[in-house]
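>>> My questions concern the predicted model and sequence given below.
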Amino acid sequence: MNMRTRQRAPVHDPLLDPALYANRELSQLDFNFRVLAQAQDPSVPLLERLRFLCISCTNLDEFFEIRAATVRHALDFDLPLAPDALPPQVVLKRIHERAAELVEGQYACWNDVLRPALAEAGVRVLARDHWNARQARWLRKYFREEILPVLSPLGLDPAHPFPKILNKSLNIVVVLKGKDAFGRAGNLAIVRAPRSLPRIIQLPPSISGGDNDFVFLSAMLSAFVDELFPGMEVKGAYQFRVTRNSELIVDEEEVENLALALRDELVGRGYLRAMRLEIARNCPKPIVRTLLENFDLAEEAVYRIDGPVNLNRVIQVYDMVQRPELKYPPFQPRKLAGSDAIFERVREGDVLLHHPYDAFTPVLELVKQAADDPNVLAIKQTLYRTGKDSAIVEALVQAARNGKDVTAVIELRARFDEEANLGFADRLQEAGVQVVYGVVGFKTHAKMLLVVRREGRKLRRYVHLGTGNYHAGTARAYTDLGLITCNEEIGSDVHQVFQQLSGMAPATKLKRLLQSPFTLHAGVLKRIERESAHARAGRPARIIARMNALNEPRVVRALYAASQAGVSIDLVVRGACALRPGVPGVSDNIRVRSIVGRFLEHSRAYWFGNDGKPELFCSSADWLERNLLRRVEACFPILDPELAARVKDEALDNYLADNLNAWVLQPDGSYVKLQPDADALPHSAQAALLARICGRP
């Protein structure tokens, strides 16, 4: 018998059955229903409900720009199927069906719930049919003086073909009758609203009779569009908006200068392939067909809107209305004692920061004090998203001017922050900072700051590692974990990672950190298998992990195998989750919950019981394929037992006890809002931390 006849057929692994995997895109889309539920919750302050509604709208925009566009790309290029094995055309169909349900819910929430409730509270967003004569006169005057001069309507004829429509821009398609000054017969015209125009206009109290009365620009354009076509009859005016693919694709291996290539790509980003058309519900079908033909879209991509097509713009009302009783009570983050002498404080012991409950100030102080300290020789930092007028960037500039050796690893491909990051790179380079754009083919998503300081006869490394960006604004709105330490092994590891990023260093073995794309994936799998081994040996076995999303198939399979071995697994996954918990015989021991509350859940923390010798890591990485295999990520241990206990208590156990903001994932992929048992005390994880850390009831 030859070798070929002795070969065995491959054994099918039942844990790779596509039925055990949820589709990542559809799971991510469903997250927005949980956000919308916050807008529908009467226990949430009224203007905060408005904010949640707008977040769900903005999230849906980004979903079509990125996730739906990715599925379309997979369809066009016949890419391999995801573990769920759903063909791209099926996924796109389900996306449109589910998104249509979400849009219907968003506008029902606005028209039937929030808009009336806001009006009753004295915050009125006035529809055209609710303008009185005085308001209408003022608005027409405002239109003539402030809006009309910057509009450039375009009549459609053989000499004026359908114009390019910018991604997510507000437009009006106008049906005309009559002839213009040149004797041309009117038919259709397009009015594009320039970005310079405000999307929400506040009426003066003297005109409106109220302090907080507003009108959408779209309503004004529709109402006064006749001013743009004198001598012609306007038969109809219908607002529309197109959402386009916004994923920049740069072949990094082919370009000589990534920054220049990205600048070129950014010019055309707003005009990439159309993914969705939103249009006024009363728009006639022939006009809709015309738009669909111009945007090369199918009928299923049309979303007929009962209200403003750019509903997310009403978020401006949140900032314009000064009504504290309609918002969450303010809070003051806890300040770190001794942060005014940050190096001395860190030498006393590691510092754990749990944002937004702990102030972001210690991170800023670390950079600022390093910039001015004559004993500091070098600063190295990764920058993914930093925000406008970043104090971090200014401190790095000052450090370079003070003669420090400063290196900034700037990720130019941070989605939707590419232009801002190019600007920061220019600013830093002008100041003498060595700017590095990361590694070709791998986004640098790690959050690392390294300060090298001379102390006596030795050099000491001070390190900050975090789960979130160096962005003071999001540190007030996102939950994140950060560690400041001068631990020698961690400092050495971070130094090695920076050497890789800036100087072609090999992937040396790190002492404490797990790093993508080299050791993090294998390290997670190893620890999951270790818990499985404990369970098979009859020892206690437990995993608790928290992240934004989970889809990496080998990790999912390892979790299934661990569940079958008897490991008790709790996952707190904010958004997309490809794993199906509670499947008999497969994931009976796995529970998955999503927490949606005042702050955006952004922390990543992994806890492994290890038979009484637990390990706890925090990380910049979710358990997604891209984070574990195609990005530069840092996963760091919390070595101080007291700090590790604090992370487990605050960021893990606290969230498993939440029975007010938790949504429990079902085996079929749906989510059910958890309700407190009759004999259980209501518990909100975020509220508990506000009370415990910030003293805010």
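Structure's in. What do you need?
>>> Gln135: helix or strand, and which one exactly?
helix 133-142 (DSSP states H and E).
>>> Please point out which parts of that helix sit buried.
By 16 or more other Cβ atoms under 10 Å, the buried positions in helix 133-142 come out as 135, 138-140, 142. C-betas here are computed from N, CA, C, even on glycine.
>>> before we move on, what about stretch 604-622?
Buried residues in stretch 604-622, counted by 16+ other Cβ under 10 Å: 604-611, 615-622.
>>> Turn the buried residues of helix 133-142 into JSON lines, including pLDDT and distance to Leu81.
Shown next, in JSON lines, are the buried residues of helix 133-142 (pLDDT from 0 to 100; distance: Cβ to Cβ, whole Å):
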{"residue": "Gln135", "pLDDT": "96", "distance to Leu81": "56"}
{"residue": "Trp138", "pLDDT": "97", "distance to Leu81": "58"}
{"residue": "Leu139", "pLDDT": "97", "distance to Leu81": "53"}
{"residue": "Arg140", "pLDDT": "97", "distance to Leu81": "56"}
{"residue": "Tyr142", "pLDDT": "97", "distance to Leu81": "54"}
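>>> okay, these in a markdown table with distance to Ala680 next?
Formatted as a markdown table, the buried residues of helix 133-142 follow (distance: Cβ to Cβ, whole Å):
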| residue | distance to Ala680 |
| --- | --- |
| Gln135 | 51 |
| Trp138 | 54 |
| Leu139 | 53 |
| Arg140 | 58 |
| Tyr142 | 54 |
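>>> Following the helix holding Gln135 in sequence, what is the next regular element?
Downstream of helix 133-142, the next assigned helix or strand under DSSP H and E is strand 154-155.
>>> Show me what that following strand packs onto, helices and strands only.
Applying 3 or more Cβ pairs under 8 Å, 6 or more residues apart in numbering; DSSP states H and E, we find strand 154-155 packed against strand 188-192.
>>> May I have the strands that pair with the strand it packs on, each with its orientation?
strand 154-155 (antiparallel), strand 171-177 (antiparallel) (DSSP bridges).
>>> Dump the strand ranked longest in the chain to PDB, restricted to CA.
Criterion DSSP state E: the longest strand present in the chain is strand 233-244. Output of strand 233-244 as PDB, limited to C-alpha atoms (Å, rounded to 0.1, in the frame of the first residue of the first chain):
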ATOM      1  CA  GLU A 233     -42.500  77.500 -10.800                       C
ATOM      2  CA  VAL A 234     -41.200  75.100  -8.200                       C
ATOM      3  CA  LYS A 235     -43.300  72.000  -8.400                       C
ATOM      4  CA  GLY A 236     -41.500  70.100  -5.700                       C
ATOM      5  CA  ALA A 237     -38.300  70.200  -3.600                       C
ATOM      6  CA  TYR A 238     -36.900  67.000  -2.000                       C
ATOM      7  CA  GLN A 239     -33.900  66.700   0.200                       C
ATOM      8  CA  PHE A 240     -31.500  63.800  -0.300                       C
ATOM      9  CA  ARG A 241     -28.100  62.600   1.000                       C
ATOM     10  CA  VAL A 242     -25.800  59.900  -0.300                       C
ATOM     11  CA  THR A 243     -23.400  57.800   1.800                       C
ATOM     12  CA  ARG A 244     -20.200  56.700   0.100                       C
END
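>>> Show me what the mean pLDDT comes to for that strand.
Computed over strand 233-244, the mean pLDDT rounds to 96.
>>> how many degrees apart are it and strand 188-192 in direction?
50 degrees (axes from the mean of the first three to the mean of the last three Cα atoms, to 10 degrees).
>>> How about strand 233-244, which residues are buried there?
By 16+ other Cβ under 10 Å, the buried positions in strand 233-244 come out as 234, 236-244.
>>> can you check stretch 268-286 too?
Neighbour-count burial for stretch 268-286, counted by 16+ other Cβ under 10 Å, picks out 269, 272, 274-280, 283.
>>> and the least confident of those?
Among the buried residues of stretch 268-286, Arg269 has the lowest pLDDT, at 81.
>>> how about that residue, phi and psi?
Dihedral angles of Arg269 (phi, psi; degrees, to the nearest 10) stand at phi -60, psi -40.
>>> Next up, identify which helix or strand Ala370 is on.
Taking DSSP H and E as the criterion, the element that holds Ala370 is helix 361-372.
>>> Any figure for the gap between Asn245 and Arg67?
Counting by Cβ to Cβ, to the nearest Å, the gap from Asn245 to Arg67 is 11 Å.
>>> wait, Phe224 sits on Arg140?
Yes. Assessed by Cβ atoms under 8 Å, Phe224 is found in contact with Arg140 at 5.8 Å.
>>> re earlier: hey, which of the strands paired with strand 188-192 is tucked in deepest?
When the strands paired with strand 188-192 are scored by mean count of other Cβ atoms under 10 Å, the highest mean neighbour count falls to strand 171-177 (a mean of 21).
>>> Now the longest helix along the chain - C-alpha only, CSV.
In the chain, assigned by DSSP state H, the helix with the most residues is helix 88-108. Only the C-alpha atoms of helix 88-108 are listed here, as CSV (Å, rounded to 0.1, in the frame of the first residue of the first chain):
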residue,chain,number,x,y,z
PRO,A,88,-21.5,38.9,0.5
GLN,A,89,-24.7,39.4,-1.5
VAL,A,90,-26.7,37.8,1.3
VAL,A,91,-25.0,39.9,3.9
LEU,A,92,-25.7,43.1,1.9
LYS,A,93,-29.3,42.2,1.6
ARG,A,94,-29.6,41.6,5.3
ILE,A,95,-27.8,44.8,6.1
HIS,A,96,-30.3,46.8,4.1
GLU,A,97,-33.2,45.0,5.7
ARG,A,98,-31.9,45.5,9.2
ALA,A,99,-30.8,49.1,8.6
ALA,A,100,-34.2,49.9,7.3
GLU,A,101,-35.7,48.8,10.6
LEU,A,102,-33.1,50.9,12.5
VAL,A,103,-33.9,54.0,10.4
GLU,A,104,-37.6,53.5,10.9
GLY,A,105,-37.0,53.3,14.7
GLN,A,106,-34.8,56.4,14.6
TYR,A,107,-37.3,58.6,12.9
ALA,A,108,-40.2,57.2,15.0
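>>> Could you pull out the buried residues of that helix?
Residues of helix 88-108 classed as buried by neighbour count (16+ other Cβ under 10 Å): 88, 91-92, 94-96, 98-99, 102-103, 105-107.
>>> Save the residues you listed as CSV, and put in distance to Ile190 too.
Formatted as CSV, the buried residues of helix 88-108 follow (distance: Cβ to Cβ, whole Å):
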residue, distance to Ile190
Pro88, 32
Val91, 32
Leu92, 27
Arg94, 32
Ile95, 28
His96, 25
Arg98, 30
Ala99, 25
Leu102, 28
Val103, 23
Gly105, 30
Gln106, 26
Tyr107, 24
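>>> Which residue, other than its chain neighbours, is closest to Gly155?
Distances taken as Cβ to Cβ, 6 or more residues apart in numbering put Ala189 closest to Gly155, at 4.6 Å, once the chain neighbours are dropped.
>>> now the one you found, which residues is it bridged with?
Gly155, Val174.
>>> For it, list the residues it contacts.
Residues near Ala189 by Cβ atoms under 8 Å, 6 or more residues apart in numbering: 153-156, 173-174, 176, 228-229.
>>> Kindly recompute the last result at 7 Å.
By Cβ atoms under 7 Å, 6 or more residues apart in numbering, the contact set of Ala189 is 153-156, 174, 176, 229.
>>> Check Leu217 too.
Applying Cβ under 7 Å, 6+ apart to Leu217 gives the contacts 170, 193, 197-199, 201.
>>> same thing but at 6 Å, please
Contacts for Leu217 were tallied using Cβ atoms under 6 Å, 6 or more residues apart in numbering; they are 197, 199.
>>> next one: Ile484
Listed by Cβ under 6 Å, 6+ apart, the contact set of Ile484 reads 346, 351, 464.
>>> ditto for Pro581
Listed by Cβ under 6 Å, 6+ apart, the contact partners of Pro581 are 587, 590-592, 665.
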